[in-house]
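Asks: Quick one, fold the following:
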Amino acid sequence: MTVEERLEKVERELATAKRRNQRLLIAAGLLLGISALAWLSTVNTSPVLAQEVNVKTPAITESGNIIRANGFVLEDAEGRGRAVLEMMAGGPRLGLYDENGQIRVALVAFEDGPMLALIDENGEIRDTLVSYKGGPALGLYDDNGKIRAGLDMITGGPR
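Replies: Below you'll find the predicted structure:
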């Protein structure tokens with residue numbers, strides 16, 4: 001086998017590996033986006049009753065009064081839920097909503113690590129940032145929710 005033939009073979013294998021990696025990145029991004037949408041669709045905007053308790057720990061302010069609850073809803077002047085902080089089975093979640101009740105920002109602390117999702121006015125995820133145990137990942141999506149660019153260090157270094 002000549003040097004040129006070997007070089008052509010290596011170039012073909014590299015092109016195949018690049019296509020495979022691109023497909024894997026797209027699949028991972030879609031999976032992340034779908035799981036984020038599924039998670040976002042379970043947001044509960046109903047009011048949550050809280051109780052005030054008196055706890056004395058060094059981390060608490062001098063008064064020692066804190067409020068404990070499973071969730072909070074922050075409402076605007078018209079009574080619309082604009083921010084929701086709640087405890088879910090998978091971990092705590094913060095959702096920020098626009099004036100139309102559409103979620104625009106979601107932050108969740110999963111057991112595997114935190115995730116931040118930025119959502120456009122049509123409900124499509126546009127950006128995701130995750131930091132799982134395997135490594136961080138950034139996903140950028142187009143108007144249709146399709147991943148267009150991504151950067152991760154999940155397996156074997158940056159891609």
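Asks: residue ranges with poor pLDDT in this structure?
Replies: Scanning the chain for pLDDT under 70 picks out 24-65, 155-159.
Asks: just the strands in it please.
Replies: Using DSSP state E, the strands of the chain run over 51-54, 65-68, 71-75, 81-88, 91-97, 103-110, 113-119, 125-132, 135-141, 147-152.
Asks: So what are the sheet partners of the fifth one and their directions?
Replies: So the one you mean is strand 91-97. strand 81-88 (antiparallel), strand 103-110 (antiparallel) (DSSP bridges).
Asks: May I have that strand as PDB, with CA atoms only?
Replies: What follows is strand 91-97, C-alpha atoms only, in PDB (Å, rounded to 0.1, in the frame of the first residue of the first chain):
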ATOM      1  CA  GLY A  91     -34.200  17.900  43.000                       C
ATOM      2  CA  PRO A  92     -34.900  21.600  43.300                       C
ATOM      3  CA  ARG A  93     -36.200  23.600  40.300                       C
ATOM      4  CA  LEU A  94     -36.500  27.300  39.600                       C
ATOM      5  CA  GLY A  95     -38.700  28.500  36.700                       C
ATOM      6  CA  LEU A  96     -38.900  32.100  35.400                       C
ATOM      7  CA  TYR A  97     -42.000  33.000  33.300                       C
END
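Asks: In that strand, which of the residues would be classed as buried?
Replies: Of all the residues in strand 91-97, those buried under the rule 16 or more other C-beta atoms under 10 Å are 93, 95-97. In this view, the C-beta of every residue, glycine as well, is placed from N, C-alpha and C.
Asks: tell me the two of those that are most distant?
Replies: Distance extremes for the buried residues of strand 91-97: the farthest pair is R93 and Y97 at 12.7 Å, using C-beta to C-beta.
Asks: quick one: common contacting residues for the two?
Replies: Taking C-beta atoms under 8 Å, 6 or more residues apart in numbering as the criterion, R93 and Y97 both touch V84.
Asks: Quick one, which of the strands of the chain gets closest to E5.
Replies: Judging the strands of the chain by C-beta to C-beta, what sits closest to E5 is strand 147-152, at 34.4 Å.
Asks: Report the buried residues of that closest one.
Replies: So strand 147-152, judged by 16+ other C-beta under 10 Å, has buried residues 147, 150, 152.
Asks: about what we covered before: mind checking which of the strands of the chain is nearest A17?
Replies: Closest approach to A17 among the strands of the chain (C-beta to C-beta): strand 147-152, 16.2 Å.
Asks: now for the closest one, which elements pack on it?
Replies: Judged by 3 or more C-beta pairs under 8 Å, 6 or more residues apart in numbering; DSSP states H and E, strand 147-152 is in contact with helix 3-40, strand 135-141.
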